[in-house]
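Novice: Kindly generate the corresponding structure for this input.
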Amino acid sequence: MSQPLTTPGEGFHPHLTDRAGESPSPLRTRLHHIRADALDGDTAQSGGMRRFAAVSGTAVGSEKLWMGQTHVAPSTASSDHHHGASETAIYVVSGHPEFVFLDDAGPQPEEIRLRTSPGDYIFVPPFVPHREENPDPADEAVVVIARSTQEAIVVNLPELYVLRAEGEA
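Specialist: You can find the predicted model right below:
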């Protein structure tokens, strides 16, 4: 028995346009398989790290998501940076990378160091200054990153600072 077709914008196809005469981008009408050897290293970078795009607006036509890998060499730290308005989720694949930021919950800003292991996740809110470090002298750390923007935004900074909530002095 055949099921009725869904109308554009409903059901299983919410991304399809419902505007007459307008068709969706060819990149947005099919699944994409990005092989490990096809990751794109032409991404925004910060010192000490190599980022490789897998899912991006350029590669697959994504509109709200960027995803890729980051490799942090042994005994290396990234530059201090943030990712603009993008939310960032990180999954630790290998190694024990550390994520560093400043927290002002106490009387003085304090450097907080999140030490991770394979299988751990990190969430980085928009505009929060941080850096990634790999203290291991022998092995690189590898993480998978997903961002809520189409491309990998990286804003390098001269130093870490506390991000204050809107309306705070």
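
Novice: Helices of the protein, residue ranges please.
Specialist: 57-60 (DSSP state H).

Novice: Any regions of it where pLDDT drops low?
Specialist: With pLDDT under 70 as the threshold, the chain has low-confidence stretches at 1-48, 165-169.

Novice: Please repeat the previous calculation with a cut-off of 80.
Specialist: 1-51, 53, 151-152, 164-169 (pLDDT under 80).

Novice: Strands of that one, start to end?
Specialist: Along the chain, the segments classed as strands by DSSP state E run 49-55, 66-72, 76-77, 81-82, 88-94, 98-103, 110-115, 121-124, 131-134, 141-147, 155-156.

Novice: Does anything pack onto the third one? Which helices or strands?
Specialist: Contacting strand 76-77 under the criterion 3 or more CB pairs under 8 Å, 6 or more residues apart in numbering; DSSP states H and E are the following elements: strand 131-134. C-beta coordinates here come from the backbone N, C-alpha and C atoms, glycine included.

Novice: Starting from the strand it packs on, tell me which strands it pairs with and how they run.
Specialist: The partner list of strand 131-134 in its sheet, established with DSSP bridges, is strand 76-77 (antiparallel), strand 98-103 (antiparallel).

Novice: nearest to R51, of those?
Specialist: Comparing the strands paired with strand 131-134 against R51 with CB to CB, the closest turns out to be strand 76-77 (13.5 Å).

Novice: Contacts for that closest one, please.
Specialist: Outside of strand 76-77, the residues within contact range by CB atoms under 8 Å, 6 or more residues apart in numbering are G48, M49, R131, E132, E133, N134.

Novice: Likewise for stretch 150-168?
Specialist: Stretch 150-168 has contacts (CB under 8 Å, 6+ apart) with 43-47, 51, 53, 56-58, 62-66, 68, 79-86, 100-104, 109, 111, 125, 127-131, 145, 147.
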